[in-house]
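Colleague: let me see the structure of the following:
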Amino acid sequence: MRIIIVMATLAMITGLVGCTTESVPTTGIIKLNSDYPVGKYAPDIPFTSENGKETTFRKIRQPIAIVAFTSTSSENSPNPVLVNLAKDFIDLPVTVAQIYLPSDEYSSAQEFMAGNNIHNKDLVTLYDAERIALRGFGYPKSNTVLLIDDNSEIVAINKGFSNLKSLTDRARELAEAVEEADADHYEP
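Modeller: Next up is the predicted model:
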């Protein structure tokens, strides 16, 4: 019996020694998160409005937000898909925003805004000159669309603009739930 216990102990120790003597990497490159995961809280985005007022995206948005990251191009204009979404959600508590990812062509947001016709009354458009949104959201790729709920939690991510139906359906459900909760709360 003692021999079995000794052999079992030796087997365990050998196994542990094998685990502790494995080569463990001690150098490397920090890997940035390329897809900001669903379930994480969306960081707030500070910005300066066209009239020079400092504010944040959270302060100006409706409870539900659809945020799309796009790259700059030679013809910067509001994405037509996002413009249509903003119009579709005009009567619901949903903000649709297009965030232009930074480029070497523009050194400041003011330079970008002055040189491009990106204004649309229904769509929030921001240029991320200081890379605040880019870093805060984990370096999203261009044409990444996020759905953010009323608790500022990312609840859906879509790659591209061609198939946003499930994301927009979810946005509509969330917006209607917010309206229903508000109506219940403010009923006399």
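Colleague: just the element for residue 72, please.
Modeller: Per DSSP states H and E, residue 72 falls between elements, in no helix or strand.
Colleague: quick one: contacts for it?
Modeller: By Cβ atoms under 8 Å, 6 or more residues apart in numbering, residue 72 lies in contact with 100, 101, 102, 103, 105, 106, 112, 127. The C-beta positions use only the backbone N, C-alpha and C, and glycine is treated the same way.
Colleague: contact partners for the third one?
Modeller: Contacts here follow Cβ under 8 Å, 6+ apart; on that basis residue 102 touches 72, 127, 128, 129, 130, 131, 134.
Colleague: ramachandran angles for residue 43?
Modeller: Recorded main-chain torsions at residue 43 are phi -70, psi 150, according to degrees, to the nearest 10.
Colleague: nearest residue to it other than its sequence neighbours?
Modeller: Take residue 43 and drop its neighbours on the chain: the residue closest to it by Cβ to Cβ, 6 or more residues apart in numbering is residue 136, 3.6 Å away.
Colleague: who's in contact with that neighbour?
Modeller: Counting by Cβ under 8 Å, 6+ apart, residue 136 has contacts 43, 44, 45.
Colleague: please report how far it lies from residue 180.
Modeller: 31 Å (Cβ to Cβ, to the nearest Å).
Colleague: do residue 154 as well
Modeller: Residue 154 is 22 Å from residue 180, by Cβ to Cβ.
Colleague: neighbour count for the two, which is higher?
Modeller: Neighbours per residue (other Cβ atoms under 10 Å) separate residue 154 from residue 180, with residue 154 holding more: 19 against 10.
Colleague: pLDDT wise, what is the more buried one at?
Modeller: We have a pLDDT of 91 for residue 154.
Colleague: any buried residues in the helix or strand containing it, and which?
Modeller: Using DSSP H and E, the element containing residue 154 is strand 154-159. Residues 154, 155, 156, 158 are the ones in strand 154-159 that count as buried (16 or more other Cβ atoms under 10 Å).
Colleague: helices of this structure, residue ranges please.
Modeller: For the chain, the helices defined by DSSP state H cover 2-20, 57-60, 80-88, 109-115, 132-136, 165-186.
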